[in-house]
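Engineer: quick one: sequence and predicted model below, then my questions.
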Amino acid sequence: NLTRSTVFFSRERTMAAPKVAGSIIGTNANALQLYRQVTRNIPRILSLYDIDHVPPSDARAAVGALFRANAHVKDDRVISTLINRGELELEEALMQWKQRNHVMNMLEPPEPQGTVNGKKMNLRELFHAGLLE
């Protein structure tokens, strides 16, 4: 039994490497495919999470902004990681493993730091409003 437990603990554990496309063209095609999958599923996601106040066109624009925020990335490995993360986010949303506020945080852009309802506030005003901890 000693050799059996020794063999069990001495085995190497390896993690699967993320899928990496061979070139920028391949990663761009994968990103475009992911974008199309997400935009096709937006009406379903909005109905699953009972988000009636956001029209699908605005949700598509928000998704496009999320994709454009990473348009500057050129490294294939980073692009592949972003694509894998996007596929995971889409799957979690469709499987309803997310809560409504998680989906809303992706669809509504956050306010710039130091503003409340579009009004710029200084540090003291933020503290008195109870927005600083």
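Structural biologist: Here it is on my side, so go on. Numbers count the residues shown, from 1 in each chain.

Engineer: tell me which other helices or strands whichever strand or helix holds Q33 touches.
Structural biologist: Using DSSP states H and E, the element containing Q33 is helix 24-48. In terms of contacts (3 or more CB pairs under 8 Å, 6 or more residues apart in numbering; DSSP states H and E), helix 24-48 is packed against helix 56-68, helix 76-94. Glycine gets a C-beta too; all of them are placed from N, C-alpha and C.

Engineer: what's the closest of those helices to T27?
Structural biologist: Taking CB to CB as the criterion, T27 comes closest to helix 76-94 out of the helices and strands packed on helix 24-48, the separation being 4.2 Å.

Engineer: tell me the mean pLDDT over that closest one?
Structural biologist: Per-region confidence: helix 76-94 scores 95 on mean pLDDT.

Engineer: what comes up buried for it?
Structural biologist: Of the residues in helix 76-94, those with enough neighbours to count as buried (16 or more other CB atoms under 10 Å) are 79-80, 82-83, 86-87, 89-90, 93.

Engineer: quick one on the thing from earlier: which of the helices and strands packed on helix 24-48 sits closest to N122?
Structural biologist: The minimum distance between N122 and the helices and strands packed on helix 24-48 falls on helix 56-68, with 28.5 Å, by CB to CB.

Engineer: which other helices and strands contact the closest one?
Structural biologist: For helix 56-68, the helices and strands in contact under the criterion 3+ CB pairs under 8 Å, 6+ apart are helix 24-48, helix 100-107.

Engineer: any idea of the mean pLDDT in the helix holding Q33?
Structural biologist: Helix 24-48 shows a mean pLDDT of 91 in the predicted model.

Engineer: about what we covered before: can you redo the helices and strands packed on helix 56-68 as a markdown table with mean neighbour count and distance to A69?
Structural biologist: Conversion of these to a markdown table gives the following (neighbours: other CB atoms under 10 Å; distance: least, CB to CB, whole Å):
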| stretch | mean neighbour count | distance to A69 |
| --- | --- | --- |
| helix 24-48 | 15 | 12 |
| helix 100-107 | 14 | 11 |
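
Engineer: so A65 versus S47, what's the distance?
Structural biologist: When distance is defined by CB to CB, to the nearest Å, A65 is 22 Å away from S47.
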